[in-house]
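Enquirer: Structure, please.
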Amino acid sequence: MNYLAGFLLTSLLLPLVKKSTPARIVNVSSAGQQPIDFGDVMLTRGYSGTRAYARASWLRFTMDLAAALEGTGVTVTCLHPATYVDTTMVWRAGVTPLSTVEEGAQAVLNLATSPAVEGGPGSISTAA
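Expert: Residues are numbered from 1 along each chain as shown. Predicted structure coming up:
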């Protein structure tokens, strides 16, 4: 659902985004990823939270969308904003946070507003 809800929202908003050029679509994703197995979308065979999380990655969708929108004035980017952000999910996993929420938010804001990104090809970015 994490992946499909965003996919549907993006698809529904795409006509408006195209009319609003220059425009940007910024997908926030994780560096950890796995392809979706359409034969087992609900992970009924061997479920794990880690696998579910990794399959919700936006990397492939972003690359395909960027290629489809090339030359339209819509910049499509995807980033892994930070590593082990200080959130409840990270703490519950027993992991020591390495990044702050503010650092992750700044990375997303940079892709959404930086003049250096506007009009560029779809790209994948890992924030430092």
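Enquirer: For this structure, just list every one of the helices.
Expert: Under the criterion DSSP state H, the chain contains helices at 2-19, 49-55, 59-68, 88-92, 101-113.
Enquirer: Could you list every helix and strand that the third one packs against?
Expert: Of the remaining helices and strands, those touching helix 59-68 by 3 or more C-beta pairs under 8 Å, 6 or more residues apart in numbering; DSSP states H and E are helix 2-19, strand 23-28, strand 74-80, strand 123-126. (Each C-beta comes from the backbone N, C-alpha and C, glycine too.)
Enquirer: at 6 Å what do you get?
Expert: Counting contacts by 3 or more C-beta pairs under 6 Å, 6 or more residues apart in numbering; DSSP states H and E, helix 59-68 packs against strand 74-80.
Enquirer: For the chain, list the residue farthest from the centre, please.
Expert: Using C-alpha atoms, centre = their mean, the residue of the chain lying farthest from its centre is residue 45. It sits 25.4 Å away.
Enquirer: Quick one, which of the helices of the chain gets closest to residue 74.
Expert: The closest of the helices of the chain to residue 74 is helix 2-19. By C-beta to C-beta, the value is 5.8 Å.
Enquirer: got the angle for that closest one vs strand 74-80?
Expert: Calculated by axes from the mean of the first three to the mean of the last three C-alpha atoms, to 10 degrees, helix 2-19 forms an angle of 150 degrees with strand 74-80.
Enquirer: Run the angle between helix 2-19 and strand 23-28 for me.
Expert: Orientation of helix 2-19 against strand 23-28 (the same axes, to 10 degrees) gives an angle of 170 degrees.
Enquirer: tell me what helix 2-19 is packed against?
Expert: Checking 3+ C-beta pairs under 6 Å, 6+ apart, helix 2-19 ends up next to no helix or strand.
Enquirer: Poorly predicted segments of the protein, please.
Expert: Applying pLDDT under 70 to the chain flags residues 1-2, 32-33, 56-57, 119-128.
Enquirer: what about 50?
Expert: The chain contains residues with pLDDT under 50 at 123-128.
Enquirer: okay, the helices of the chain in JSON lines with mean neighbour count and distance to residue 82 next?
Expert: Shown next, in JSON lines, are those (neighbours: other C-beta atoms under 10 Å; distance: least, C-beta to C-beta, whole Å):
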{"stretch": "helix 2-19", "mean neighbour count": "12", "distance to residue 82": "18"}
{"stretch": "helix 49-55", "mean neighbour count": "14", "distance to residue 82": "15"}
{"stretch": "helix 59-68", "mean neighbour count": "16", "distance to residue 82": "16"}
{"stretch": "helix 88-92", "mean neighbour count": "11", "distance to residue 82": "10"}
{"stretch": "helix 101-113", "mean neighbour count": "15", "distance to residue 82": "4"}
